[in-house]
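Trainee: Need coordinates for the following:
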Amino acid sequence: MGNKVNRRLDVEDRMVIQACLHDRMTIEQISFRLKVSKATICRELHRNCINETGQLYPCPTLKRLIVCNVCAKKGYCQGQKRYYNFQFAHKQAFDRNHNSRSVPKLSEDTINTIDEIVTEGVLLGQSLHHIYVSNEILPSLCCERTIRRLIYRGNLSVRPHQLRRYVRFKHEYAKEHGELHLRDIRALIGRTHKDFVRFCNSHKRLNIVEYDSVIGKRDDGFAILTISFPAFNFQFGLLIKKGSPASVNQRLRHLFDRLGPELVNTIFPINLCDNGIEFSCFHRLEDDATGQRHIKTFYTNPYRATDKAPAERNHELVRYCLPKGKSLNGLTQDMIDDIFSNINSYVRASKDDKTPYDLVKARFGKLFLDLINIVRVPNKKVKLVSLV
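Mentor: Numbers count the residues shown, from 1 in each chain. I've put the predicted structure just below:
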């Protein structure tokens, strides 16, 4: 318990808290899992839970379960309820930290003086920099960046779009994220991206495999499951039913059965996927048909494509052959194998002008490449053009 650190909880920590609560773990067990103090967990649950009103009487079950997430009586309980959702909690914490820093420290009279000067200049078509250097009062009150910040926060009469060159700069807008697709959030315990980084640091010689999906049109019935080896820029694909976790697991189990346990343990020891609906049951692949655990599975942070950047980067070559917006319903597994055979025969400058095929062949042998139906295409015959 002496290795605890003082730090703020991030979205991944809050996902683990929700998973631990669903697993009926105590505050002490959660704090030990996250390496933070019990007071941190207590504050998190006190500040960022969803409270629903009800009759004012103490609930003995709530005291035992901490929150009502897994209570069997929550459907007909008339007492006050308290739920924990990591997305709501993270938004609450972000808004609290952001709002505490968004209050201007300048006095009201100072802001009014700045407002009069800046508004007059903006209405004359002057830039903010021109207004700032042309008026002797403004430099004594604040810096130019503070004035721009006051405008963007709505503390002045001038609106941001009235500034010169406003449309020439990129602006961030609040994004609405969907719900986490994991069917059982308890699967995240020991499988978060932080766990992935720790495991890789202690097993640096093991091969890492990243999984993603490539889709065509929204109404397509099929998609491509891409399997990438970042160390070699190697990638191959399997045809799956779009949005079907059962299809993903079925195709991967069939692949593992075809390769055999020895090759699977050598080539697929560490597996990383995102939180898409296709991978909501991905963690079940850790155990083989006999119930023995033979591989490790992990999940990236929600909405963080950079956690598996090599796989995303390799999709650029896939899009040469399968452009966005084109239907994938007419594809067959043979066509997909041909596409990835050409991609893996493409010379990479980052790999000393070697191809991913040759690198994987040298590391894992030609038998593996034959079993996944990837062949070497001569350099002069590599074809990366649209097929649909």
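Trainee: Who are the contact partners of P160?
Mentor: Going by Cβ atoms under 8 Å, 6 or more residues apart in numbering, P160 touches 151-152, 166. Just so you know, the C-beta spots here come from the backbone N, C-alpha and C atoms, and that holds for glycine as well.
Trainee: nope, Q292 is what I was after
Mentor: Going by Cβ under 8 Å, 6+ apart, Q292 touches no other residue.
Trainee: all helices of the stretch 51-200 of the chain, in order?
Mentor: For the stretch 51-200 of the chain, applying DSSP state H, counting those that start in this stretch gives helices covering 60-65, 86-101, 108-123, 128-134, 138-141, 144-152, 193-202.
Trainee: got those helices as CSV, with distance to R313 columns?
Mentor: CSV is the format used below for the helices of the stretch 51-200 of the chain (distance: least, Cβ to Cβ, whole Å):
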stretch, distance to R313
helix 60-65, 44
helix 86-101, 28
helix 108-123, 43
helix 128-134, 38
helix 138-141, 46
helix 144-152, 33
helix 193-202, 18
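Trainee: and the nearest residue to N301 once chain neighbours are set aside, how far is that from N329?
Mentor: In space, and not counting its chain neighbours, N301 is closest to H193: 5.1 Å by Cβ to Cβ, 6 or more residues apart in numbering. As judged by Cβ to Cβ, to the nearest Å, H193 and N329 stand 33 Å apart.
Trainee: Compare these two (neighbour count), which wins?
Mentor: Ranked by neighbour count (other Cβ atoms under 10 Å), H193 and N329 place H193 first, with 19 against 13.
Trainee: Kindly report the domain assignment for the chain.
Mentor: Domains of the chain are assigned by automatic domain parsing as 11-101, 108-168, 185-381.
Trainee: Let me know how buried F196 is, in neighbour terms.
Mentor: When neighbours are counted by other Cβ under 10 Å, F196 registers 21.
Trainee: Does it touch F298 like I think?
Mentor: Yes - at 3.8 Å, F196 counts as touching F298 under the criterion of Cβ atoms under 8 Å.
Trainee: who touches both of these two?
Mentor: Joint contacts of F196 and F298 (Cβ under 8 Å, 6+ apart) are 270, 272.
Trainee: Please report the distance of the residue lying farthest from the centre of the chain from I117.
Mentor: Checked against the mean C-alpha position of the chain, the extreme residue using Cα atoms, centre = their mean is E136, at a distance of 48.4 Å. According to Cβ to Cβ, E136 and I117 sit 10 Å apart.
Trainee: One more: L65?
Mentor: Taking Cβ to Cβ, one finds L65 at 59 Å from I117.
Trainee: next one: L359
Mentor: Distance of L359 to I117, given as Cβ to Cβ: 64 Å.
Trainee: about what we covered before: closest to R253 out of the helices of the stretch 51-200 of the chain?
Mentor: Judged by Cβ to Cβ, the one of the helices of the stretch 51-200 of the chain that comes nearest to R253 is helix 193-202, at 21.8 Å.
Trainee: list the buried ones in the closest one?
Mentor: Neighbour-count burial for helix 193-202, counted by 16 or more other Cβ atoms under 10 Å, picks out 193, 195-196, 199.
Trainee: Over to stretch 81-91?
Mentor: Buried residues in stretch 81-91, counted by 16+ other Cβ under 10 Å: 81-87, 89-90.
Trainee: Just name the closest of those to Q18, please.
Mentor: Q18 has its nearest neighbour among these in F86, at 4.6 Å by Cβ to Cβ.
Trainee: contacting residues for the closest residue to that closest one other than its chain neighbours?
Mentor: Excluding the flanking residues, the one nearest F86 by Cβ to Cβ, 6+ apart is R14, at 3.8 Å. By Cβ under 8 Å, 6+ apart, the contact list for R14 reads 44, 48, 86, 89-90.
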